[in-house]
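J.: From the sequence below, what's the structure:
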Amino acid sequence: MQRRTFITSLAAVAGLTATGVPAAADHTENRSELDLETDDGSHHPGPPRFTHKGRGFVNPNFDEENIRDDLAPRNPDGDAEYSWSVVDAPADSSATPTDAAVAEFEPDVPGEYTLELDAPDGTHELTVRVFPEEDEDDPRPRVDLDAEVVEGQVLLSANAMAPDREDVIDEQVDVEFYVDDRDKDVLAGNGTISASEITDPVRVHAVAVGDRHSVADMIKLVPEGDDLHVEHPYKAPDWVENSIIYSIFTRRFPEQELDGETIATDDTPGFDEIAGRLDHLDELGVDVLWMTPFVPTDRGFGTPEAEGGPHGYHKTDYFDVDPDLGTMEDFENLVDEAHDRDIKVVFDLVINHASENHPFFQAALDESHEEHEKYYDWFRWDDDGNREAYYGWDGIPNLDHENPEVREWCLDVVDFWAPKVDGFRADIAWGVPNHFWKEIYQRVTEYDSDFFMLDETLPYDEEFGAGGFDVHYDNHLHGALGAAAEGTAEEVLEAYEDRFRNGAHPESLFMQYIENHDTDRYLEQHGFMAQLAAGTATFTLPGVPMIYYGQETGLTDWREPMNWGDFDENTLEFYQQLVDLRKSHPALQHHARVERIDYEADSDSTLAYARYDPETDRRVVVLLDFSDDTQTVRIGDYVESENLITGDDAGLEVNEEHEYVEIDVPTGIVLEADEPTDFSLPGNVIAEFEQPEGTDFGPGNYTYPGTEEIPEGEFDLAGVTIEETDETFRFEFEFHNEVSNPWDNDSGVSHQHIQVYLNDPEVDDGETEARTGVNAELAAPYQHVLTAGPGEHTVYDADGDIVGEEGDYSYDPDEDPNTIVVEFDKHAIDYLPEAGMAVIVMSYDGYGDGGVRAVESEASEWQFGGAEHGTAPNVIDLLTAEDVDNEDALAYDEDNYAQIPYVALGDEEIDEEDGEEEDDDADDEDDGLPGFGVAAGAAGVAGGAVYAANRVLGADENTEE
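T.: Sure, this is the predicted structure:
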């Protein structure tokens with residue numbers, strides 16, 4: 001939905017007082033040349049908080065699994081006292097913040113809370129909005145907030161987007177607006193606010209609310225005379241959206257000789273040698289150089305591979321560079337050299353932990369140290385005095401961010417490095433309270449609006465967007481790319497779509513990678529062909545591609561030295577071509593959308609999708625194969641023949657009869673494309689039935705409604721064809737007349753409500769009463785029923801429960817105006833080729849029982865006529881055998897419902913339920929169902945694998961019987 005409202009003032013809330021809590025002692029003087037401030041430098045705790053019951057603001061000890069958060073003063077002063085209290089809360093709430101400067105708070109009742117922070121610079125209020133308890137596995141909505149000035153007043157506009165998922169429950173998504181607590185004084189008075197009355201910047205927040213609440217969005221209204229400028233603080237810098245990151249393992253990237261695991265020469269390679277290799281990055285076309293830590297460390301050169309090699313994440317000093325790499329001047333020269341090539345440099349910010357050899361932790365361990373007590377409080381411990389360290393990493397004890405002095409020191413680190421680099425990659429971001437990152441984000445982006453923030457949060461958490469980080473690790477995509485090489489390529493698109501299902505902020509970007517310094521090399525795990533396919537995926541899906549050093553040159557070990565002078569030139573050329581294409585084609589830029597397309601492939605390791613840029617009306621189709629062998633892919637005939645990656649001809653073979661093309665895909669291919677067309681190959685026909693014209697009058701006497709919108713002949717069934725593929729059964733329902741759509745339903749169909757009842761000859765149990773609204777019974781128990789109509793296309797079991805995925809429903813009046821096609825996953829109904837089948841056609845009525853239009857005794861404008869009793873079936877036409885007419889198949893009387901017979905698909909006979917007495921003279925030479933005397937013959941059609949609705953549907957060739 002879109003919600004629009006004029007901004008109004010908000011009433012202030014009275015405050016309470018609470019007892020102060022002393023913070024920790026002094027720490028070492030700020031070593032940064034720059035003393036940045038967050039916002040206006042006050043201790044206000046920041047923007048309103050949004051959560052749901054059951055998810056509080058807590059920072060649990062010894063917990064690697066959960067995201068942590070808390071309530072904290074910004075711009076903390078380690079010598080100051082702070083305290084928290086609740087001044088307003090829902091009536092039944094008894095929740096209170098913990099008695100600490102950095103507090104935890106667990107709301108116990110949904111509603112709106114007002115918390116108060118007592119700080120040296122005054123009292124600050126914080127709004128906390130708590131929604132009802134949510135299932136965090138459910139999809140989540142998103143919201144995009146904007147504003148404009150209309151006739152002098154500020155009009156807020158919020159687009160609330162339901163998750164891109166078919167089973168989403170919250171069809172109605174509302175939006176709530178909140179003026180930032182820090183800016184309420186700007187909106188003095190009552191009623192609507194004119195733009196001219198806003199004399200200072202005002203921040204406004206919006207949150208979408210359905211079955212779950214969204215990550216909040218925020219805009220900043222900045223006065224410009226009588227007008228307002230609208231800023232979007234959560235938007236990444238423009239340069240980030242289409243950038244390409246190159247990540248290096250700093251101490252292994254420069255050229256070096258190893259003697260075992262140590263440098264063989266006297267001089268260790270460092271910043272100067274890295275600067276000398278920047279031309280490689282420039283020629284490759286990357287925009288960002290992310291360097292693993294290069295500060296002093298006890299995991300530098302000479303660290304054995306068993307301890308992770310020289311990774312540098314065990315930091316012993318945060319305000320200098322590792323002397324083995326050079327001097328600070330050498331590093332700054334490296335940054336200058338990178339900037340000369342338009343390459344930005346990202347610093348690996350590690351504030352979750354320090355090295356156990358850091359002087360602070362050594363003081364914490366040494367009870368005789370004069371500052372032992374002070375630094376003991378800088379780290380986290382259990383009740384027995386054991387250090388907190390994630391996943392058994394005892395060498396990197398966790399800092400205690402509940403200590404304001406620790407936060408003050410962390411901000412000093414931020415202030416020291418922010419002027420020297422272009423961005424931060426936050427190591428173990430999930431281990432640091434979320435809103436502390438939001439303070440850091442505001443701090444650095446107010447200093448430099450082009451500053452860049454990347455988080456390592458695994459799995460990524462959508463709450464880390466929205467003013468915390470610009471770019472997130474897409475670990476879902478990384479996992480799917482690995483699995484694709486094992487034959488599950490479709491999961492790649494599903495991983496991309498997870499971003500929307502999980503409710504990622506609309507401005508959140510995702511880093512797409514196939515490997516990094518913490519993973520095995522993709523090439524070593526899955527081979528050359530799959531590596532190129534996976535790399536192509538990272539460059540052709542929306543996001544920020546990342547190349548890990550050596551990925552483009554053929555390295556196979558995760559942290560080995562760069563193979564200077566021994567590159568795999570084929571791999572390097574392929575990545576150079578990928579970078580060039582990514583940067584040059586508008587359909588591969590960030591804002592171009594992803595389109596699922598119909599395709600067919602011989603292997604589950606193959607994937608196809610399209611990218612489309614509405615601004616330029618340019619489109620490409622991406623074909624990927626993650627297997628060791630070249631695979632054939634079939635798509636509609638709407639692509640050009642040039643492979644845009646290599647410039648070579650892709651070797652398309654056109655099948656003019658079925659209007660598709662075949663392409664042999666070795667790794668990755670990108671083709672220029674027109675608008676995709678529906679595509680399917682014929683499967684193996686397992687049954688084909690014809691029905692005479694003029695049978696759409698129920699048992700023979702029904703009359704059509706008077707309205708012209710339900711034309712006579714609309715339900716006259718002409719035939720049913722069933723095709724089988726590897727994964728689905730495809731039903732074609734043909735009518736003697738064109739299908740009409742007077743009500744402009746999205747499906748293209750307004751009237752035909754089709755149900756297919758299936759009897760499994762191997763199963764006795766089932767149901768004979770037809771679904772609600774049919775008003776009839778089946779002659780024998782059914783185990784499943786398929787529905788196909790404007791309302792739904794679903795498989796149900798006899799109990800009425802949904803089985804499997806929704807069917808793929810299609811109607812194309814240009815291709816075949818008389819035929820409706822529905823494709824169902826075959827696994828729940830795999831017995832169908834041997835089943836009994838009853839196909840009935842009714843008139844769809846969204847207000848009728850079961851979505852069925854009832855038949856009355858007399859026809860009216862909107863109702864069929866001809867029912868003689870309340871037991872009359874609401875069936876207008878049905879499939880019958882050659883020697884059976886509708887009058888017999890739909891026969892009913894005052895006391896008995898019609899017993900709808902089955903048509904046999906296989907050779908098994910089906911025992912009818914007791915009903916009318918059997919005719920002793922019935923033909924007992926029948927080869928099918930009793931009373932029909934026929935078995936459905938399978939037409940012989942040469943089959944082939946078909947892909948539709950994005951599933952591989954391979955089928956063996958079927959020969960004519």
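J.: in what helix or strand does His478 lie?
T.: In this structure, His478 is located in helix 475-484 according to DSSP states H and E.
J.: Packing partners of the helix or strand just after that helix?
T.: Once the chain leaves helix 475-484, the next helix or strand it forms, by DSSP H and E, is helix 490-501. Helix 490-501 sits against helix 475-484, strand 593-596, strand 606-613, with contacts defined as 3 or more C-beta pairs under 8 Å, 6 or more residues apart in numbering; DSSP states H and E. Any C-beta I mention is one placed from the backbone N, CA and C, and that applies to glycine too.
J.: export the ones you listed to TSV and tack on mean pLDDT, mean neighbour count and distance to Glu197?
T.: Output for these, formatted as TSV (pLDDT from 0 to 100; neighbours: other C-beta atoms under 10 Å; distance: least, C-beta to C-beta, whole Å):
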stretch	mean pLDDT	mean neighbour count	distance to Glu197
helix 475-484	97	22	46
strand 593-596	96	14	40
strand 606-613	98	23	41
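J.: Looking at the ones you listed, which is nearest to Ala504?
T.: Nearest to Ala504 among those is helix 475-484; the distance by C-beta to C-beta comes to 10.8 Å.
J.: centre of the chain versus the closest one, how much separation?
T.: 13 Å (C-alpha atoms, centre = their mean, to the nearest Å).
J.: Contacts for it next, please.
T.: With C-beta atoms under 8 Å, 6 or more residues apart in numbering as the test, helix 475-484 has contacts from 458-460, 488, 491-492, 494-496, 498, 510, 512-514, 519, 522, 525-526, 530, 533-534, 537-538, 541, 543, 605, 607, 624, 626.
J.: what about 6 Å?
T.: 458-459, 491-492, 495, 498, 512-514, 534, 626 (C-beta atoms under 6 Å, 6 or more residues apart in numbering).
J.: And the lengthiest helix in the chain, what does it pack against?
T.: The residue-count maximum for a helix in the chain (DSSP state H) belongs to helix 569-584. Counting contacts by 3 or more C-beta pairs under 6 Å, 6 or more residues apart in numbering; DSSP states H and E, helix 569-584 is packed against helix 528-540.
J.: what sits against Leu325?
T.: 270-271, 294.
J.: quick one: which of those residues is most hemmed in?
T.: Phe271 (25 neighbours; other C-beta atoms under 10 Å).
J.: mind checking how far that residue is from Thr303?
T.: From Phe271 over to Thr303 the distance is 19 Å, taken as C-beta to C-beta, to the nearest Å.
J.: ok, back up a step: mind checking the helices and strands packed on helix 490-501 for the one nearest to Leu758?
T.: strand 593-596 (29.0 Å).
J.: Quick check: the residue nearest the centre of the chain vs Asp35, distance?
T.: By C-alpha atoms, centre = their mean, the chain has its centre lying nearest to Asp498, at 1.8 Å. From Asp498 across to Asp35, the span is 41 Å (C-beta to C-beta).
J.: same check, this time on Ala429
T.: 24 Å.
J.: okay, these two: which has more neighbours?
T.: Ala429 (27 against 10).
J.: which residues does that one contact?
T.: Contacts of Ala429 by C-beta under 6 Å, 6+ apart are 455-457.
J.: Most neighbours out of the residues you listed, which is it?
T.: Asp455 (28 neighbours).
J.: so that residue bridges to which residues?
T.: Following DSSP bridges, Asp455 is listed with bridge partners Ala426, His472.
J.: Name all residues that make contact with it.
T.: 426, 429, 464, 469, 472.
J.: Tell me how far it lies from Glu515.
T.: 19 Å.
J.: same deal with Glu777?
T.: 61 Å.
J.: Produce a PyMOL select command limited to the buried residues of the contacts of helix 475-484.
T.: Of the contacts of helix 475-484, the buried ones go into a single PyMOL selection, burial set by 16 or more other C-beta atoms under 10 Å:
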select buried, resi 491+492+495+498+512+513+514+534+626
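J.: Name the nearest of the contacts of helix 475-484 relative to Asp598.
T.: Val492 (16.9 Å).
J.: need the contact list for the closest one.
T.: Applying C-beta under 6 Å, 6+ apart, the residues near Val492 are 480, 484, 537, 607.
J.: how about the helices in the stretch 851-961 of the chain?
T.: 886-889 (DSSP state H, counting those that start in this stretch).
J.: low-confidence ranges in this protein?
T.: 1-34, 164-171, 187-193, 258-267, 658, 680, 682, 907-961 (pLDDT under 70).
J.: what residues go with each domain of it?
T.: Taking automatic domain parsing as the domain assignment, the ranges for the chain are 2-231, 593-673, 684-904.
J.: With adjacent residues omitted, what lies nearest to Tyr612?
T.: Nearest non-adjacent residue to Tyr612, counting by C-beta to C-beta, 6 or more residues apart in numbering: Arg619, 4.5 Å away.
J.: Give me the distance between Leu652 and Ala891.
T.: Distance from Leu652 to Ala891, by C-beta to C-beta: 57 Å.
J.: what about Asn434, distance to Val58?
T.: The value you get for Asn434 to Val58, if C-beta to C-beta is used, is 11 Å.
J.: ok, how many other residues are close to Asp40?
T.: 10.
J.: With Gly527 instead?
T.: Count around Gly527 with other C-beta under 10 Å applied: 15.
J.: now the one 10 residues further on
T.: A count of neighbours around Ala537, defined by other C-beta under 10 Å, yields 28.
J.: what residues are up against the nearest residue in space to His314 that is not next to it in sequence?
T.: Spatial nearest neighbour of His314, chain neighbours left out: Ser355 (3.8 Å); criterion: C-beta to C-beta, 6+ apart. Going by C-beta under 6 Å, 6+ apart, Ser355 touches 298, 314-316.
J.: With distance to Asn737 as new columns, can those residues be given to me in a markdown table?
T.: Converted to a markdown table, these look like this (distance: C-beta to C-beta, whole Å):
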| residue | distance to Asn737 |
| --- | --- |
| Asp298 | 82 |
| His314 | 77 |
| Lys315 | 77 |
| Thr316 | 82 |
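J.: related to what we said a few turns ago, so which of the contacts of Leu325 is the closest to Val128?
T.: Phe294 (40.2 Å).
J.: isn't that closest one right next to Thr250, touching?
T.: Yes - if you go by C-beta atoms under 6 Å, Phe294 and Thr250 touch, sitting 5.0 Å apart.
J.: Touching stretch 770-790 from outside, list them.
T.: Contacts for stretch 770-790 (C-beta under 6 Å, 6+ apart): 745, 747, 749, 753-760, 763, 766, 768-769, 794-798, 822, 824, 829, 844, 848-850, 852, 873-874, 897-901, 910, 912-913.
J.: Restricted to buried residues, select those in PyMOL.
T.: Here is the PyMOL selection string for the buried members of these, based on 16+ other C-beta under 10 Å:
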select buried, resi 745+747+749+753+754+755+756+757+758+759+760+766+768+794+795+796+797+798+822+824+829+844+848+850+852+873+874+897+898+899+900+901+910+912
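J.: Which residues are in contact with the nearest residue to Gly312 once chain neighbours are set aside?
T.: Of all residues not flanking Gly312 in the chain, Pro293 sits nearest, at 3.6 Å (C-beta to C-beta, 6+ apart). Contacts for Pro293 (C-beta under 6 Å, 6+ apart) come out as 312-313, 348.
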